[in-house]
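Chemist: any chance you could fold what I've pasted below:
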Amino acid sequence: QVQLVESGGGLVQAGGSLRLSCAASGRDFSTYTLGWFRQAPGKEREFVAAIGWGADDISSYTDSVKGRFTISRDNAKNTGNLQMNSLKFEDTAVYYCAAALLVWPAMHENDYAYWGQGIQVTVSS
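Modeler: Residues are numbered from 1 along each chain as shown. Now for the predicted structure:
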């Protein structure tokens, strides 16, 4: 069982940066792939980025955030982060942290059994 809590959201101007964090409770955090998803108003939830379990930090990004967002994790601290740079208005959404046990690749909602409550990111144009 893993519980996830997101932090770091808020309001930022276009072109700015935010760093989202995901704090995980539970055992064996290093065995979970950590993913970030987002849901904009009136749209379905979509994959943003994921970082795999294990020591090699394999990662994957949706095309729209490549080169702007960076996902990372600190297994010693049971945390994951999503550094978001060059933010655009269309990045506005509720962002969710999710965890999947021993799964890779993991770019679909159904890959993930554990979810945070979500956090709002608003980018003003």
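Chemist: quick check: bridge partners of the one residue sitting closest to the centre of the chain?
Modeler: By CA atoms, centre = their mean, the chain has its centre lying nearest to W36, at 2.4 Å. Counting by DSSP bridges, W36 is bridged to A49, C97.
Chemist: ok, it - contacts?
Modeler: Shown in contact with W36 (CB atoms under 8 Å, 6 or more residues apart in numbering): 20, 22, 48-50, 71, 80, 82, 95-98. Using the backbone N, CA and C atoms, a C-beta is placed for each residue, glycine as well.
Chemist: between the residues you listed, which is closest to M107?
Modeler: Of all the contacts of W36, A50 has the smallest distance to M107: 6.3 Å, by CB to CB.
Chemist: state the pLDDT value of the closest one.
Modeler: On pLDDT, A50 comes in at 98.
Chemist: is it true that it touches V103?
Modeler: No - with contact defined as CB atoms under 8 Å, A50 does not count as touching V103 (9.3 Å).
Chemist: reformat the contacts of W36 as JSON lines; add distance to G116 and neighbour count.
Modeler: Output for the contacts of W36, formatted as JSON lines (distance: CB to CB, whole Å; neighbours: other CB atoms under 10 Å):
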{"residue": "L20", "distance to G116": "10", "neighbour count": "25"}
{"residue": "C22", "distance to G116": "6", "neighbour count": "26"}
{"residue": "V48", "distance to G116": "13", "neighbour count": "24"}
{"residue": "A49", "distance to G116": "14", "neighbour count": "23"}
{"residue": "A50", "distance to G116": "14", "neighbour count": "27"}
{"residue": "I71", "distance to G116": "15", "neighbour count": "22"}
{"residue": "G80", "distance to G116": "10", "neighbour count": "29"}
{"residue": "L82", "distance to G116": "12", "neighbour count": "26"}
{"residue": "Y95", "distance to G116": "9", "neighbour count": "24"}
{"residue": "Y96", "distance to G116": "6", "neighbour count": "23"}
{"residue": "C97", "distance to G116": "4", "neighbour count": "28"}
{"residue": "A98", "distance to G116": "7", "neighbour count": "25"}
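Chemist: what do A50 and V103 both touch?
Modeler: Shared contacts of A50 and V103, defined by CB under 8 Å, 6+ apart, comprise T33.
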